[in-house]
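Trainee: need the 3D shape of this:
(one chain, ligands or ions: 2)
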Amino acid sequence: MEDITLEQAVELLLRHSPQPQKEAVPLTEALGRIVAEDIRASFDNPPFDRSPLDGYALIAADTAGATAAKPARMRLAGEECAGDFYADRVHPGEAVRIMTGGAMPQGTDAVIRQEDVQLAGEEVLIPYPLRHHENYCFAGEDIRRGAVLVAAGETLTAARLAVLASQGVASVPVWRRPRVAVASTGDELVMPGTPLTPGKIYNSNLFLAFGRLRELGCDVDVMGVVPDEAEPAARRLAEKSAWADLLLTTGGVSVGKKDIMHDVVTYMGAERLFRGVQMKPGYPAIGYRLKAAMGLALSGNPFAAYATFELIARPLLAKLAGRKETSLPRRRAVLLDAFPKESRGRRFVRAFYEEGRVRLPEQHASGSLFSAAGCNAFVDIPPGTGKLEKGAEVDVVLL
Ligand code: AMP
Ligand code: MG
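Mentor: Ligands and ions are numbered 1, 2, ... in the order given. Predicted structure coming up:
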């Protein structure tokens, strides 16, 4: 398809891309991953009734009527530290020294804090009466067997890892990270760290793509620069198609002499899904599929590459990552700065959004990326819009 809307391009990519894949990973590798299945508690936690403090476990009824002047006297029958298990039954008139987290010995139903008792030989003196279940934690108080610990689609945070660990879960079913091979085309490009010679520029798009992909939780193969010649570029990209879920390139998509990506798609034997997306910047983007891998060839202009990455690639990456929500959030907002250009076609302008208001940086040419670094949104200007005044209401896409 040619010359399609952004929404159509995204829909084609979502429709033709494979379903996300599951894998099981150990807890130490699961932070930040998206859970692929509901994970339920397999037992009540804590697994036994236990003491919430360091003290003495006893039978509350034994302490009825106790006062400081006339304390109830219990025989100290034994001691239980956390991790021990006091197997004997506790009889009326006995107390067991217990530490925080210790299992309540059979027969006991309350705990008195250590600081409140006095010891006299083999006896513990209790200066006040305790209620049934005073200072007493019940099994299952934290988590009930069968409760959903982490739901499918939720991201694993440190707290969720701890909850899973408390249930003895050692490995978690998560969605496999999307695998993306990323390359730049352009014989003018030089990698940072190499001296710049006349006519050359440093490759910045590669680092934008690399950084955003990693921020979004992808596995990234940074291929570097592929030559501005269709056959060798096609060979290098095709080599990655067995591993990658997405082949992502920037540059070489418009109509210049070295705009090789149209031929690259043909040489690889890929199925082209679209070319030309009705948006400025980034119109010449190409979407394709090579066996199980999806391909996106984005414009090389740094801001165009950025905008199309966010608006076209991100929904696809969200699907591949197993996210339920693939579209970016949108808001209506009031412009705090005028936008002096008319927009014949649909245009995306970098912006900073905060609480219903949106600011525009001074520089917004598509060859410039500098001012995008402080932005967190795009204003989505519909086709046929005149100059925008301060105070105008606009649609904003949040990044
Ligand atoms: P192209 O899409 O290949 O026609 O490139 C459009 C413009 O973006 C040209 O000015 C290129 O030099 C520039 N450009 C292309 N790729 C990159 C890149 N990886 N990093 C920085 N600028 C680039
Ligand atoms: Mg180029």
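
Trainee: what is the neighbour count of Ser299?
Mentor: 27 (other C-beta atoms under 10 Å). (Each C-beta comes from the backbone N, C-alpha and C, glycine too.)

Trainee: ugh, typo on my part, it should be Glu23
Mentor: For Glu23, which is what you asked about, the neighbour count (other C-beta under 10 Å) is 14.

Trainee: residues of stretch 326-340 that come out buried?
Mentor: Neighbour-count burial for stretch 326-340, with 16 or more other C-beta atoms under 10 Å as criterion, is recorded at Thr326, Leu328, Ala333, Leu335, Phe339.

Trainee: which element, helix or strand, includes the third one?
Mentor: Put plainly, it is Ala333. The secondary structure element spanning Ala333 is strand 330-335 (assigned by DSSP states H and E).

Trainee: for that strand, the distance to its chain's centre please.
Mentor: Distance, stretch centre to chain centre, for strand 330-335: 25 Å (C-alpha atoms, centre = their mean, to the nearest Å).

Trainee: what sits up against the helix or strand that it is followed by?
Mentor: Later in the chain than strand 330-335, the nearest helix or strand by DSSP H and E is strand 347-354. Contacts of strand 347-354 with the rest of the structure, by C-beta atoms under 8 Å, 6 or more residues apart in numbering, involve 279-282, 303, 307, 311, 331, 333, 339, 341, 358-361, 364, 371-372, 374-381, 385, 396-398.

Trainee: mind listing what's buried in strand 347-354?
Mentor: When neighbours are counted by 16+ other C-beta under 10 Å, the buried residues of strand 347-354 are found to be Arg347, Phe348, Val349, Arg350, Ala351, Phe352, Tyr353.

Trainee: write out the residues of the chain neighbouring ligand 2.
Mentor: Counting by C-beta under 5 Å from the ion, the residues of the chain lying close to ligand 2 are Gly186, Gly251, Gly252, Gly300.

Trainee: ok, back up a step: would you format the buried residues of strand 347-354 as TSV with pLDDT and distance to Gln118 included?
Mentor: As requested, these are arranged in TSV below (pLDDT from 0 to 100; distance: C-beta to C-beta, whole Å):
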residue	pLDDT	distance to Gln118
Arg347	97	81
Phe348	97	76
Val349	97	76
Arg350	96	73
Ala351	97	71
Phe352	97	67
Tyr353	98	65
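
Trainee: nearest to Val222 among those?
Mentor: The nearest member of those to Val222, counting by C-beta to C-beta, is Arg350 at 24.7 Å.

Trainee: tell me how far the closest one lies from ligand 1.
Mentor: With the distance defined as C-beta to the nearest ligand atom, to the nearest Å, Arg350 ends up 16 Å from ligand 1.
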